[in-house]
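Peer 1: Sequence and predicted model, in that order:
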Amino acid sequence: ESLIGPKEPVTARDPFKLPGKPGKPFADDWDIDRIDLKWDPPRSDGGSAIKMWIIEKKSKFGLWEKAAECPGPQPKGSVRGLTEGEEYVFRIIAVNEAGAGEPSDPSDPITAEARYVKPEIDTSAMQDMVVCAGNRINYTVPIKGAPKPKVTWKIKNKVVYSDEHYDVMVQRRQTVIDIAFSKRYDAGVYTLEVSNELGTATARANVTVLDRPAPPEAPLKLSGVTSNSCNLAWGASPDDGGSPITHYAIEKMDLSRGSWVEAEITTELKVTIRSLIHKKEYLMRVMAVNAIGQSDPLPLDKSFIARNEGDVPEAPGRPEAYDWDRTFIDLTWNKPLNDGGCAIEGYIIQMKVKGSTSWRECTKITRDINKGRADDLTDQEYYFFRIVAWNSAGQSEPGPPSDAIQARPRYLAPKILTPLKDVNVKAGNNFTIDVEYLGSPDPNVDWFVDGSPLVSDERTTVSAIAPITTFHIVNCKRSDTGDIVIKLVNESGSDKGGFYFNILDVPGPPTGPIEFEDIDSNSVTISWRPPKDNGGSEITGYVIEKKDLDHAGGWVPAVNYV
């Protein structure tokens, strides 16, 4: 029996598949209430032509909903009835004979707005501004324009871009310029330009940044210096900081104190300072002051001393002797560092005797030469000297005094003045002797003991500072005994003296052997030799001890004193 039908089995199914996923939609045209979209068709139509497109929309915070149906197969469509200014995203679903396929990826956000808008700026956001330096400057300005306009910010006609100081942002409906920490140079006219093919909109605002003034204009000029005053002058501050300068403050520094103090205030560009102290050294500086504060200082380029144009000299240096004899001393000294503005006419040598408290004039020199002689002195007396300089304005303060200087022969053979006598010192004690001498020039002083040089060590000190030489020794020992000699030598001659230095100590042991004589039953006569060292003093007696060998006893006195 033959059958009619296909040779292979046939499955009962829909002859078409669902279409694929369309491409991501994009705006082709738009207005305030509509957006025309286009997209790429799906790669597969499922075997059946696309008969319809479904367009879904979603507002920024809404849910997906059907917005329009468009006939196929052309991949385009329009959504109407939108809200002006609202932002939307869209997606597309393809429909064929088998049904609706998978939605496309959503579009980028698209705003319902006019396609062509002449640029506009909300000028109410561009108001003049006054800020203090360091505070924020911020303009956040609403703008309009389609196609997307070019936005330019300018300060004092110079285009501003974002950097570490300026932050410039351009968003779709507003633009921002922000300066977190303003500076004085940020002041000026701020201009905002918004432009596209339909035109240009411009807005301006004036920004004032208030700050401390700039320093007064250099140089700071000094004139008319006297013992208690001076005149100063300077140029006006080139920048008042945005606030009028109210006055100028002048400060002074006494260099001996090292601190700045207010000296004067003025509204002029000059001033006379009347609070100086004679012979003090000063620095000066001036600051401009406004309502915000005071400027950095404009200093004087160097210090000055408060004194009259013709003033007395400064004090001369300390005098020193360069020649002398029994009745005079020749002195020299350093000239004053400053002559007071008038030539030095001479010097006065003042002196006082050592031990006295009163100074008297001894020599007046009537020319500018820094040496002179003090006459009529007493031989061997010590004197102090000091020098006074003088000019047409008067006498200086006395200079520092000299060390004590002795009137004595310049060339004199040495001589020991202290009588020297033999010395006895107990062992363990200390000993000091000061020996006075004379001689000019100062002689070399040497000490000897038993012909060997006596030098300083841990127990012995030898020194010579004219006119005294000193020998000092601690914890004397018997071995320190000897003949001590002092020798003085200079180019004019020599002298020497000495004494016996005897250290007293216990004597050494007697010298043997012990000799026995006249021995009997209860006595014996013994003899011996004296000790080699008597300890520096004559032997006054001997102690004799005995020891009984039979009874193994110790030593006991036999004769207490011999």
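Peer 2: Nice, thanks for sending it over.
Peer 1: At the geometric centre of the chain, which residue sits there?
Peer 2: In the chain, the residue lying closest to the centroid (Cα atoms, centre = their mean) is G258, at 15.6 Å.
Peer 1: Which strand or helix spans it?
Peer 2: Per DSSP states H and E: G258 is located in neither a helix nor a strand.
Peer 1: Give me the distance between it and S295.
Peer 2: Computed as Cβ to Cβ, to the nearest Å, the G258 to S295 distance reads 23 Å. In short, each C-beta sits where N, CA and C put it, glycine included.
Peer 1: cool, N231 as well?
Peer 2: N231 is 21 Å from S295, by Cβ to Cβ.
Peer 1: neighbour-wise, which of these two wins?
Peer 2: The neighbour comparison of N231 against S295 (other Cβ atoms under 10 Å) goes to S295, with 24 against 14.
Peer 1: Could you double-check that that one sits in contact with D240?
Peer 2: No. Assessed by Cβ atoms under 8 Å, S295 is found out of contact with D240, at 9.6 Å.
Peer 1: hey, what's in contact with both of these two?
Peer 2: Residues touching both S295 and D240 by Cβ atoms under 8 Å, 6 or more residues apart in numbering: 213, 288.
Peer 1: Kindly list the main-chain dihedrals of Y437?
Peer 2: The phi/psi pair for Y437 (degrees, to the nearest 10) reads phi -150, psi 170.
Peer 1: Identify the bridge partners of it.
Peer 2: Note on Y437: beta-bridge partners I416, judged by DSSP bridges.
Peer 1: tell me the contacts of it?
Peer 2: By Cβ under 8 Å, 6+ apart, the residues touching Y437 are 414-418, 443, 445, 466-469, 488, 495.
Peer 1: how about the strands of the stretch 101-250 of the chain, start to end?
Peer 2: For the stretch 101-250 of the chain, the strands defined by DSSP state E, counting those that start in this stretch cover 110-111, 117-121, 129-132, 137-146, 150-155, 158-159, 167-170, 174-179, 188-196, 199-210, 217-223, 230-235, 247-254.
Peer 1: want to throw these into a markdown table with distance to I349?
Peer 2: Below are the strands of the stretch 101-250 of the chain laid out as a markdown table (distance: least, Cβ to Cβ, whole Å):
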| stretch | distance to I349 |
| --- | --- |
| strand 110-111 | 105 |
| strand 117-121 | 92 |
| strand 129-132 | 68 |
| strand 137-146 | 76 |
| strand 150-155 | 76 |
| strand 158-159 | 76 |
| strand 167-170 | 80 |
| strand 174-179 | 75 |
| strand 188-196 | 73 |
| strand 199-210 | 67 |
| strand 217-223 | 37 |
| strand 230-235 | 35 |
| strand 247-254 | 33 |
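Peer 1: returning to what we had before: which one (most neighbours) among the contacts of Y437?
Peer 2: Top of the contacts of Y437 by neighbour count (other Cβ under 10 Å): P443, with 26 neighbours.
Peer 1: which SSE is the residue nearest to N424 when sequence neighbours are not counted in?
Peer 2: Nearest residue to N424, sequence neighbours excluded (Cβ to Cβ, 6 or more residues apart in numbering): N502, at 4.8 Å. Take DSSP H and E as the rule and N502 turns out to sit in strand 493-504.
Peer 1: returning to that earlier point: can I get the strands of the stretch 101-250 of the chain in a markdown table with mean pLDDT?
Peer 2: Below are the strands of the stretch 101-250 of the chain laid out as a markdown table (pLDDT from 0 to 100):
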| stretch | mean pLDDT |
| --- | --- |
| strand 110-111 | 89 |
| strand 117-121 | 92 |
| strand 129-132 | 93 |
| strand 137-146 | 93 |
| strand 150-155 | 95 |
| strand 158-159 | 94 |
| strand 167-170 | 94 |
| strand 174-179 | 95 |
| strand 188-196 | 95 |
| strand 199-210 | 94 |
| strand 217-223 | 93 |
| strand 230-235 | 95 |
| strand 247-254 | 95 |
